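S.K.: predicted model and sequence below, questions to follow.
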Amino acid sequence: MDRLMESVDVAVVGGGAAGCLAAIAAKESRPDAEVAMVEKASVRRGGSIACGMDAINVVVIPGISLVEDLVRAQMSAAQGILVPAVVRAVGEESFKVLQDLESWGVEFPHDEKGGYRTFKQWSARDAASAVTSISMAGDLKLILDREVKKRGIQKIEHAPVTTVFTSEGRVTGLGAFDIRREEFFALPAKSVILAAGSGARFGLPETGVLHGVFDCPACAGDSYSLGYRAGAQLVNMECVKHYITVRYFNGPGLAPLSYGGKLINAFGQAFLERPSSSSLELNNFMDLFSAILREYQEGRGPVYIDTRHLSREATEELERCFFTTERPTFKKFFEKRKIKIGRDLIEANLSEPVLCGGHGINGLKVNGLAETNVSGLYGAGDAAANATSLMGAFVLGRIAGREAVKYAATAGAATPKREEVEAERERVLAPLRKSEGIPPALLERKLRTTINQYVDNPKSEPKLRAAQERLACLRKDVSFLKAADGHEAMKAVEVQAILDCAEMVTAASLERKESRWGIYHYRVDYPKRDDDQWRKFVVVQQGEDGKPSVSTQPVVGG
Amino acid sequence: MQVRVDSKQCNGCGICAEICPCDVFRLEERTGLAEARYEVDCWYCGACEMDCPTRAIRVDLPYLLS
């Protein structure tokens, strides 16, 4: 039977960094408002930063850095295709967030005079960029969970959100699935904040392990799919990201470079200084990633991170960063392979293709108030195109929380349409009723292999058309999905989200008839960057026929 | 076994099943103890190791990448 929950003012989808800050901000702005967090795992450890994070990559601290410099740096890194007002909003509120986090018990390093001790990331080392980063310590998720609890925010856990209900262009609530009870339920909500993370399970990693991905695999592109199905606009979906990683473990490979590590190829040659291939126009990160790809493609791999010249202090600091936060099992990887930082070379590669609004630039198109184009629907964190990583998640979360609760105060009662609730319930529960069919993991493997082979770079019109044909076949297979239990029923919904993402990326990639962002969008049939024609957004939205409809929009402001 | 629960140490508190970001754990119906029922979905983040009050859980890396 359907469960219909009590109506809330604000429903936050996802209990990660953005979701927690959103719920806290909503409750603080209006303590009498009903605020609920709906999370597929738990608020305590859910999301990409389950075991904490070693640093905040973007922060503007008075006397150290300037908001305008941050905006300029991020706009340049995004090669002009980002909403400047979003970056500005993050910059303007970042110091306030840092102070709040500190008051909650997150630790930031200070110098002798009591000021903050910041550093510059590898990408920001070339003088011009003023982006400052700061180290961080403390069990971040436990701290955030405690702050959520303190404020009486309702937590609905082990409940992946499967849809956002809308009526006449505004949000009316959401549908979710209780994994443990194997029940579908509707939660009427006047406003919804999408903060369900990135599309980590997009391409397949070279190990073939479905969950062996760079970013947290619980983030399966739910945010993008939920927004898309609710009528929201998404941008930069054609910008498919790859990370530099410690190979096979798929852990962050950029950190050693920030500490002074160097990249060399199998012949011991430093290769970053070599001029870029003429067909790829690149800058900062993209130079680095393209160079790694080239070494492998031209037979000079494996590529290694060389830390042998680093001081003992740098080595120890790197070990602390790698082994105590994010995923402490990184240590076991180094032990098993008998690699010692500072003594041995560390094999590096690019990650599988990933979608991400925080580290990348794709996702829900939001303005400086975290609003999407759908009334009552907000986006924050890796769900929204922002390019300001964890700080972007914190700040956009706060803004979304404040704005959503303000919107809810004047919005009329929200009631999801009965027939829509029924239809969604059918979609979610159908795989549980099958006695035979395709297990979600099998369809997922086929889909993600297709993404690697047809959707990812290098791209061309014929290849992307072939991708569309393959994806259409997989779309038909959705009706054969079979789930043995609640856990698998969640995965059946997730694989549909990945499929939505693949269709969006393919459509957007076809539309952008130029190459941009290095290996993130490289069209062999349009190999040059064309600022005259294409310094604008490619916008994807679900069309009447259920397929992606593509248009372009100018970048406003700067 | 990639995710191991020591049945002698486990007290059946269910914290692992509560907190795992990838929904790997359940309490086994018969014994009431934790099991890594969906081990294949582990991201080896180590949150369960950190939060287990009796240190009964050990997370290793998937064979394919270790």
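M.R.: Done, it's in. Residues are numbered from 1 along each chain as shown, chains lettered A, B, ... in the order given.
S.K.: which strand or helix spans the nearest residue to A:Arg425 once chain neighbours are set aside?
M.R.: Nearest residue to A:Arg425 in three dimensions, chain neighbours excluded: A:Phe184, at 4.4 Å (CB to CB, 6 or more residues apart in numbering or on different chains). For every residue, glycine as well, the C-beta is placed using N, CA and C. A:Phe184 belongs to strand A:183-194 when assigned by DSSP states H and E.
S.K.: relative to strand A:183-194, how tilted is the very next helix or strand once past that strand?
M.R.: Past strand A:183-194, further along toward the C-terminus, the next helix or strand under DSSP H and E is helix A:222-229. Helix A:222-229 runs at 90 degrees relative to strand A:183-194, counting by axes from the mean of the first three to the mean of the last three CA atoms, to 10 degrees.
S.K.: still on that earlier bit, the residue nearest to A:Arg425 and chain B, how far apart?
M.R.: 17 Å (CB to the nearest CB, to the nearest Å).
S.K.: partner strands of the strand holding A:Phe184, parallel or antiparallel?
M.R.: strand A:3-4 (parallel), strand A:8-13 (parallel), strand A:170-178 (antiparallel), strand A:377-379 (parallel) (DSSP bridges).
S.K.: what mean pLDDT does it have?
M.R.: If you average the pLDDT over strand A:183-194, you get 98.
S.K.: next: stretch A:269-276.
M.R.: Computed over stretch A:269-276, the average pLDDT equals 66.
S.K.: what's the answer for stretch A:56-76, then?
M.R.: 90.
S.K.: show me how far that stretch is from its chain's centre.
M.R.: Between the centre of stretch A:56-76 and the centre of its chain there are 20 Å (CA atoms, centre = their mean, to the nearest Å).
S.K.: got the CA positions of it in CSV?
M.R.: Extracted in CSV, the C-alpha atoms of stretch A:56-76 (Å, rounded to 0.1, in the frame of the first residue of the first chain):
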residue,chain,number,x,y,z
ILE,A,56,38.4,22.8,1.0
ASN,A,57,39.6,23.7,-2.4
VAL,A,58,37.9,27.0,-2.7
VAL,A,59,37.7,29.7,-0.1
VAL,A,60,37.8,33.4,-0.1
ILE,A,61,39.3,34.8,3.1
PRO,A,62,39.4,38.6,3.7
GLY,A,63,42.9,39.8,3.4
ILE,A,64,44.0,36.7,1.5
SER,A,65,41.9,36.4,-1.5
LEU,A,66,39.1,38.3,-3.4
VAL,A,67,35.7,37.2,-4.7
GLU,A,68,36.4,38.7,-8.1
ASP,A,69,39.6,36.8,-8.5
LEU,A,70,37.8,33.6,-7.7
VAL,A,71,35.1,34.4,-10.3
ARG,A,72,37.7,35.2,-12.9
ALA,A,73,39.7,32.0,-12.2
GLN,A,74,36.7,29.7,-12.3
MET,A,75,35.2,31.3,-15.4
SER,A,76,38.6,30.9,-17.1
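S.K.: measure how buried A:Pro554 is and give me the count.
M.R.: By the criterion of other CB atoms under 10 Å in any protein chain shown, A:Pro554 has 7 neighbours.
S.K.: what pLDDT does the model give it?
M.R.: 97.
S.K.: check contacts around residue 10.
M.R.: Went with chain A since none was named. Contacts for A:Val10 (CB atoms under 8 Å, 6 or more residues apart in numbering or on different chains) come out as A:22-23, A:26, A:33-36, A:189-193, A:401, A:404-405, A:408.
S.K.: should've been chain B
M.R.: B:Leu33, B:Ala34, B:Thr54, B:Ala56.
S.K.: hmm, the last one is touching B:Gln9, no?
M.R.: Which is B:Ala56. Yes: under the criterion of CB atoms under 8 Å, B:Ala56 makes contact with B:Gln9 at 3.5 Å.
S.K.: that's all I had, so thanks and see you.
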